[in-house]
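Novice: Got a predicted structure here, sequence first:
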Amino acid sequence: MYVKSVTIFFIFLLNILFSKAQLSGSIESNSALFVNDGKIVLASNEATQKLRNNTYLRLDYKLKKFSVGIQAESYSPKALLNYSPDFKNAGLGTFYLQYNNDSLRINATIGHFYEQFGNGLVLRTWEDRQLGIANSIMGVQVKINTYKPLQLTALHGKQRNGFSLTNGTITGINAELNISEITKSSKWQYSIGGSLVNRNEHLIGLNKKNILLTSTRISIKKGLFYTDFEYAFKQAEPLIENGIPNNNFSFDGDVYLLNLGFSKQRLGVNLNVRRTENFTVYSQQNVYGNAFNAGILSYVPALTKQFDYSLTNIYVYMAQSRLTFNPIATKAGEIGGQIDLFYKIKPKTFLGGKYGTQISINASKWNGLSGRYNTTQRKYKANFLQAGTLNYHEWSVEIRKKWSKSYVNSFTITNQFYDAVQIEETFGHVNATTFVFDQTIDLPKQKSIRFDIQHQWANAIHKNWIAASTEINFSSKWTVFATDLYNYGNDNTARKIHYYVAGFAFKPNAFRLQLSYGRQRGGLQCIGGICRFVSENAGFSMQLNYSF
């Protein structure tokens, strides 16, 4: 079926090529040449291929109400480190044919598409090349908005897995109703939504083929306040351990998510609270689990502050949404939340100065679910609102000050508690405090200098770090940069390593080329609260981007 779809698509594409279509596209190429530099040595299974490359070519054509597109991908001679082994060689990654009628408010897609229902708890597909995630659905999708307050979405297909598809079939329907448009309310804004998603999976040894996911949600906004709440439920499914289903043990799961916010002039407050129990959902449960996020359907990110600095990203939290009877860390989910406070001190005051002062405060705390767990009999009973083992907590304060038109700096301090036993299922608990000083100086003729210095005090695992980075923009086209992280406090003398990187970027118009050499610290790499592990390595890297 997949081959036939590709063949039909190419026939249509040839017709489009000879018509008056609008063409757009992009190319992205990421290459690495790894070396053993005396301090960092690749693992034996990784060192067999030291030259690696990921390349993506995307082409989109638009002709009146029709759009058609492809994304060709190459992972040759081998994909970058820590990518799923299903990304190999070269081929057609995605393709689509889309019909969009604005007057009828109908949009239909055949081929690959990305979609999110609500907050993504029961369905979210997306592409993130840095994390190695490309889990689009290949099938049919229809969106109808003929009655303006109501938007309906229906879809059916299989998720992408490398250049093939998972064996699970996904069928879903989503409805969003804007009540405010019906009532013509100007003061209050109400909307409600609901989703049904069915996963049909034919896995050897699995008795229950169909699992239904449901979601209900409500959003309310009035004046300076907003709130939205979503509840998601997953039907009981057999326990999967090491890719093998155990039909003797089945468990359901659910998620409660509450977001609250307030915003007024110079003040903003956001609160996120979530309880998750056994809610990791895959379209094919035995692909590769959490290692590569392959076949993942549910989007349950870590609700913590997303930092821009290297040392504040050493101990990052991964949402603990799955059920496991691993004796090292038996768990069924998590409960916790985060709060953000933003405040800008008025300009032309003693503390605000000429341009004002921005203050950001964040705090988050995540615990496992308390309850009774029996690893031998594969039984558990989680308490509803009672917190269990502390997985992670963090607070941070950032003060950003603009002193003149050309000079801005910021001070950040963070404190983190990290339980590697619960998060990584390894060992160790750490308390870490990190301080960052960052400043930017704008110079004439589009020149600028940015540099930061960081220090982290930690009582365990890696112990203390110091880091610094600088970036010099000679113009809008040329940039040079250098960074260095030094783990000077490590108890193991051999691990007192400088993780340095230096390089330059050339970016005229829609073209960008970056070359660098250095070392990559191993550990978690996270984007938007979703993480993957990366191996430490050393070598040359090149990134090339061009869009048209």
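Specialist: Ah, there it is.
Novice: partners of Gly91 in the sheet?
Specialist: Beta-bridge pairing of Gly91, defined through DSSP bridges, involves Glu73.
Novice: Isn't it up against Arg160?
Specialist: No - counting by CB atoms under 8 Å, Gly91 stays clear of Arg160, with 11.4 Å between them. For the C-beta atoms, the positions are set from N, CA and C on the backbone; glycine is no exception.
Novice: Please identify which of those two sits among more neighbours.
Specialist: A direct count of neighbours by other CB atoms under 10 Å for Gly91 and Arg160 places Arg160 higher, at 23 against 14.
Novice: so the more buried one touches Phe113, yeah?
Specialist: No - applying CB under 8 Å as the test, Arg160 and Phe113 come out as separate, 10.5 Å apart.
Novice: Mind listing the shared neighbours of the two?
Specialist: With contacts defined as CB atoms under 8 Å, 6 or more residues apart in numbering, the residues shared by Arg160 and Phe113 are Ser136, Ile137.
Novice: where does Ala420 fall, phi/psi-wise?
Specialist: Backbone torsions for Ala420, taken as degrees, to the nearest 10, come to phi -70, psi -20.
Novice: and if you look at Ser406?
Specialist: For Ser406, the backbone dihedrals are phi -120, psi 0 (criterion: degrees, to the nearest 10).
Novice: One more: Ser103?
Specialist: Summarising the backbone geometry of Ser103 under the convention degrees, to the nearest 10, its torsions are phi -70, psi -40.
Novice: Which stretches in the stretch 1-150 of the chain count as helices?
Specialist: Per DSSP state H, counting those that start in this stretch, the stretch 1-150 of the chain carries helices over the ranges 2-17, 44-47.
Novice: rank the ones you listed by mean pLDDT and give me the bottom one.
Specialist: Ranked by mean pLDDT, the helices of the stretch 1-150 of the chain end with helix 2-17 at the bottom, a mean of 54.
Novice: Quick check: which ranges of the stretch 1-150 of the chain have low pLDDT?
Specialist: 1-20 (pLDDT under 70).
Novice: all strands for it, in order.
Specialist: Secondary structure of the stretch 1-150 of the chain (DSSP state E, counting those that start in this stretch): strands at 22-34, 51-63, 66-75, 89-101, 106-113, 127-128, 133-134, 137-144, 150-161.
Novice: who wins for proximity to Arg275 among those strands?
Specialist: With CB to CB, the closest approach to Arg275 among the strands of the stretch 1-150 of the chain belongs to strand 133-134: 25.2 Å.
Novice: what packs against that closest one?
Specialist: Here strand 133-134 touches strand 127-128, going by 3 or more CB pairs under 8 Å, 6 or more residues apart in numbering; DSSP states H and E.
Novice: The strand it packs on packs against which elements?
Specialist: Strand 127-128 is packed against strand 133-134, with contacts defined by 3+ CB pairs under 8 Å, 6+ apart.
Novice: Gly243 contacts Tyr282, correct?
Specialist: No - with the criterion set as CB under 8 Å, Gly243 and Tyr282 do not qualify as a contacting pair; they are 10.7 Å apart.
Novice: In terms of neighbours, single out the busier of the two.
Specialist: Looking at Gly243 and Tyr282 with other CB under 10 Å, you find the greater number of neighbours at Tyr282, namely 23 against 12.
Novice: among the strands of the stretch 1-150 of the chain, which is the most enclosed?
Specialist: strand 133-134 (a mean of 22; mean count of other CB atoms under 10 Å).
Novice: Tell me which strands it pairs with, and in which orientation.
Specialist: Each strand pairing with strand 133-134, determined using DSSP bridges, is listed with its direction: strand 127-128 (antiparallel).
Novice: which other residues reach the strand it pairs with?
Specialist: The list of residues contacting strand 127-128 from outside it, by CB under 8 Å, 6+ apart, reads Tyr114, Ile133, Ala134, Asn135, Ser136, Ile527, Gly528, Ile530.
Novice: try stretch 87-105
Specialist: Residues outside stretch 87-105 that contact it (CB under 8 Å, 6+ apart) are 5-6, 9, 12, 54, 56, 65-76, 78-79, 106-113, 132, 134, 136, 138, 144-146, 148, 160, 162-163.
Novice: Please save the CA atoms from that stretch in PDB.
Specialist: Presented in PDB, the C-alpha positions along stretch 87-105 are these (Å, rounded to 0.1, in the frame of the first residue of the first chain):
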ATOM      1  CA  PHE A  87      16.800   6.300  10.000                       C
ATOM      2  CA  LYS A  88      19.200   4.800   7.500                       C
ATOM      3  CA  ASN A  89      20.200   5.100   3.800                       C
ATOM      4  CA  ALA A  90      18.100   7.500   1.700                       C
ATOM      5  CA  GLY A  91      14.500   7.700   0.600                       C
ATOM      6  CA  LEU A  92      11.200   9.600   0.500                       C
ATOM      7  CA  GLY A  93      10.400  10.600   4.100                       C
ATOM      8  CA  THR A  94       7.100  12.300   3.700                       C
ATOM      9  CA  PHE A  95       4.700  13.300   0.900                       C
ATOM     10  CA  TYR A  96       1.300  14.900   0.800                       C
ATOM     11  CA  LEU A  97      -1.500  16.100  -1.500                       C
ATOM     12  CA  GLN A  98      -3.700  18.800   0.000                       C
ATOM     13  CA  TYR A  99      -7.000  20.400  -1.100                       C
ATOM     14  CA  ASN A 100      -8.000  23.700   0.700                       C
ATOM     15  CA  ASN A 101     -11.200  25.500  -0.100                       C
ATOM     16  CA  ASP A 102     -11.500  28.700   2.000                       C
ATOM     17  CA  SER A 103     -15.000  29.500   0.900                       C
ATOM     18  CA  LEU A 104     -16.300  26.100   2.000                       C
ATOM     19  CA  ARG A 105     -13.900  26.000   4.900                       C
END
